[in-house]
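# Can you look at this prediction? I've put the sequence above it.
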Amino acid sequence: MKTASAILVILLGICLAVLLAACGGGEEKSTSTADRIAFQSDRDGSFEFYVINADGSDETRLTDNSAIDSSLTWSPDGSRIAFASERDGNSEIYVMDADGSDQTNLTNNPAGDWTPAWSSDGSRIAFASEREGNREIYVMDADGSGQTNLTNSPGDDLGPAWSPDGIRIVFTSTRDGDYEIYVMNADGSGQTNITKDPGYDVAPAWSPDGTRISFMPTREGNWDIYVMNADGSDQTNITNNPGYESIPVWSPDGSRLAFESGRDANLEIYVMNVDGSGQTRLTDNPAEDGVAAWSPDDSRLAFQSNRDGNWEIYVMNADGSGQTRLTDNPGADGSPVWSP
């Protein structure tokens, strides 16, 4: 069993990937916008954000500073990007236009602020903050105004994700002594523990229709992928494998989950139906493949791989065919995020 501090590190590391499932919806975008993939790279000495077309063309650097930029997430209409940055001496929530212009610090607080998550209509951003001495879930308007502590609990509250209808927020909390999944109304009322298990339950993500939630527990002694109804009922292990299974990502149509698995002695990307059937290995090489991101039309997946000696961004068809490297440089490129 991992320690609480180790779980926290895992949570902060995977929040971006699983929160993508909560960022669907919004207005219809042009094909050119929907074919953009943002990613993180340290090729210039520090982790910065880049964007690239899904065919590998027009690679563009979005941020340019010596601090760490992380937790990139697209607004639902694809016009803006929220992210966390340490450029002001501590982690703050920023927004910028999709071309990297107009980078603005929204939180402006001496404590750490992390993991921004857009509401489905793009009007609000939820995030985790340590300004009360422990991590709490806050919400603010998309311009940074109206910052409000929603959770106000003695434990750590992490990884907020909006329901697709914008009415509820799911998150992880330690207030009951271990990591559990909670749901609350968007105003912070009705906070309810929906997992209630002595093991660690982390990384919740809504299905696109808002009826179910995927999450990662350690109930069988290793990380598995579970799905439950939005009220916490019918909690089901859908991977049920002795290997390490993590980072489930809902397909935009809600019919499948992509995930990474260590069942083959190294990390590979799999896809399965939402009931756990049809588990299919998409990548097959001795290197590490992970952090999958669906294209808006369900037809492709972006992912990171070190099969060529360092981490690069790849795309493939949803059946695993046509695996193509998009980036090619000696730095580490990872955490792809497909524009809505």
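In hand now; what should we look at?
# what's the distance between residue 38 and residue 330?
Applying Cβ to Cβ, to the nearest Å, the value for residue 38 to residue 330 is 20 Å. All C-beta spots, glycine's among them, are computed from the backbone N, C-alpha and C.
# And those two? Which one has more around it.
With neighbours defined as other Cβ atoms under 10 Å, residue 38 and residue 330 compare such that residue 38 has more, 24 against 7.
# how far is stretch 271-279 from where the chain is centred?
20 Å (Cα atoms, centre = their mean, to the nearest Å).
# hmm, who's touching that stretch?
For stretch 271-279, contacts defined as Cβ atoms under 8 Å, 6 or more residues apart in numbering pick out 207, 212, 227, 236-240, 250, 254-259, 270, 280, 282, 301, 318.
# In strands, which of these fall?
Applying DSSP state E to the contacts of stretch 271-279, the entries found in strands are 212, 227, 236, 237, 250, 256, 257, 258, 259, 270, 280, 301.
# Only whichever of these are buried, select them in ChimeraX.
Typed into ChimeraX, the line below selects the buried ones among the ones in strands among the contacts of stretch 271-279, using 16 or more other Cβ atoms under 10 Å:
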select :212,227,250,256,257,258,259,270,301
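# How about residue 324, nearest residue that isn't a chain neighbour?
residue 315 (5.5 Å; Cβ to Cβ, 6 or more residues apart in numbering).
# That neighbour sits in which helix or strand?
Using DSSP states H and E, the element containing residue 315 is strand 312-317.
# avg pLDDT for that strand?
Mean per-residue pLDDT for strand 312-317: 98.
# Flag every buried residue along that strand.
312, 313, 314, 315, 316.
# between these, which is closest to residue 297?
For residue 297, the nearest member of the buried residues of strand 312-317 is residue 315. The distance, counting by Cβ to Cβ, is 12.9 Å.
# Across the sheet, point out what pairs with the closest one.
Beta bridges link residue 315 to residue 302, residue 324 when assigned by DSSP bridges.
# Tell me which residues touch it, please.
Counting by Cβ under 8 Å, 6+ apart, residue 315 touches 37, 54, 300, 301, 302, 303, 322, 323, 324, 326.
# Residue 319 and residue 281 touch, don't they?
No. Here residue 319 lies out of contact with residue 281, judged by Cβ atoms under 8 Å, at a distance of 11.1 Å.
# So for residue 145, what's the pLDDT?
The model reports residue 145 with a pLDDT of 98.
# And it, how close does it get to residue 124?
Taking Cβ to Cβ, one finds residue 145 at 10 Å from residue 124.
# give me every residue that touches residue 165.
120, 210.
# where's it, which helix or strand?
Per DSSP H and E, there is no helix or strand for residue 165.
# what's the answer for the one 5 residues further on, then?
Applying DSSP H and E as the criterion places residue 170 in strand 168-173.
# Could you tell me the end-to-end distance of stretch 98-106?
Criterion Cα to Cα, to the nearest Å; first-to-last residue distance in stretch 98-106 is 16 Å.
# which other residues reach that stretch?
Here stretch 98-106 makes contact (Cβ under 8 Å, 6+ apart) with 33, 36, 49, 51, 60-63, 74, 78-81, 85, 88, 92-96, 125, 140, 143-144, 339.
# which stretches of the stretch 1-150 of the chain aren't confidently modelled?
1-34 (pLDDT under 70).
# what residues does stretch 118-126 touch?
With Cβ under 8 Å, 6+ apart, stretch 118-126 has contacts from 22-26, 73-77, 80, 82, 93, 95, 106, 116-117, 137-142, 150, 160-166, 169, 186.
# Can I get it as PDB, trimmed to CA atoms?
Output of stretch 118-126 as PDB, limited to C-alpha atoms (Å, rounded to 0.1, in the frame of the first residue of the first chain):
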ATOM      1  CA  TRP A 118     -13.400  24.400 -16.800                       C
ATOM      2  CA  SER A 119     -17.200  24.300 -16.300                       C
ATOM      3  CA  SER A 120     -19.000  22.900 -19.300                       C
ATOM      4  CA  ASP A 121     -20.100  26.300 -20.400                       C
ATOM      5  CA  GLY A 122     -16.700  27.900 -20.000                       C
ATOM      6  CA  SER A 123     -17.900  30.500 -17.500                       C
ATOM      7  CA  ARG A 124     -16.200  29.200 -14.400                       C
ATOM      8  CA  ILE A 125     -13.000  27.400 -13.300                       C
ATOM      9  CA  ALA A 126     -12.700  25.000 -10.400                       C
END
